[in-house]
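# Give the three-dimensional model of this entry:
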Amino acid sequence: MQIEIKVLEKGDEAALQNVAEGVFDNPIDPELATEFLADSRHHLVVAIEGNIVVGMVSGVHYIHPDKPPELWINETGLASTHRRKGIGKRLLDALLLLAHELGCKEAWVLTDRSNNAAMKLYSSAGGVREKEETVMFTYKLSSD
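Numbering: from 1, shown residues only. Have a look, this model is predicted:
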């Protein structure tokens with residue numbers, strides 16, 4: 001079956017009603033999906049086979065007072081049945097093209113060195129690994 005790569009927009013929430021296991025970390029929350037797709041700076045590109053979402057990549061384009069627009073690539077996810085078939089690269093390419101069309105001058109993503117699949121994907125799409133080691137801090141903002 002053929003894989004369709006689609007940039008979801010406001011009004012495309014129905015596409016997220018049928019998602020293969022492993023694509024997202026958690027079940028889709030319809031209210032959050034609606035809020036995400038309604039925000040013009042949030043982007044979700046999906047791979048659809050038949051009527052099932054089998055892959056996704058998400059990102060946020062943002063601006064800052066002293067920098068041109070950038071794209072932060074949040075995450076990628078593929079159903080285990082659809083890995084190693086070039087779908088992740090197609091998804092990432094579509095998101096990067098969208099970012100370029102939106103005027104973003106750079107895109108970036110963080111991953112763990114031990115995540116071999118992500119390391120291969122981001123390298124295969126032309127990503128350049130920074131020489132500096134990155135350190136991430138997280139802040140728990142609620143007790144939920």
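
# Can I get the longest helix along the chain in CSV? Just the C-alpha atoms.
Assignment by DSSP state H gives helix 87-101 as the longest helix of the chain. What follows is helix 87-101, C-alpha atoms only, in CSV (Å, rounded to 0.1, in the frame of the first residue of the first chain):
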residue,chain,number,x,y,z
ILE,A,87,9.3,7.0,5.8
GLY,A,88,11.0,8.9,8.7
LYS,A,89,13.3,10.7,6.2
ARG,A,90,10.3,11.6,4.0
LEU,A,91,8.5,13.0,7.0
LEU,A,92,11.5,15.0,8.1
ASP,A,93,12.1,16.3,4.6
ALA,A,94,8.5,17.5,4.4
LEU,A,95,8.8,19.3,7.8
LEU,A,96,12.1,20.9,6.7
LEU,A,97,10.6,22.1,3.5
LEU,A,98,7.7,23.6,5.4
ALA,A,99,10.1,25.4,7.7
HIS,A,100,12.0,26.8,4.7
GLU,A,101,8.7,28.0,3.2
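
# could you show me where the strands are in this structure, in order?
Along the chain, counting by DSSP state E, strands occupy 3-8, 42-49, 52-64, 67-78, 106-109.

# Can you tell me which of those strands is packed in deepest?
Comparing the strands of the chain by mean neighbour count (mean count of other C-beta atoms under 10 Å), strand 42-49 ranks first with a mean of 22. The way it works is simple: take the backbone N, C-alpha and C, and place the C-beta from them, glycine included.

# name the helices or strands packed onto that strand?
Contact here means 3 or more C-beta pairs under 8 Å, 6 or more residues apart in numbering; DSSP states H and E; on that basis strand 42-49 packs against strand 3-8, helix 30-38, strand 52-64, helix 87-101.

# Quick check: buried residues in the longest helix of the chain?
Going by neighbour count (16 or more other C-beta atoms under 10 Å), the buried part of helix 87-101 is 87-96, 98-99.

# Of these, which is the nearest to Ile28?
Ile28 has its nearest neighbour among those in Leu91, at 17.1 Å by C-beta to C-beta.

# Can you verify my assumption that that closest one contacts Gly55?
Yes: when contacts are counted by C-beta atoms under 8 Å, Leu91 is listed as touching Gly55 (5.6 Å).
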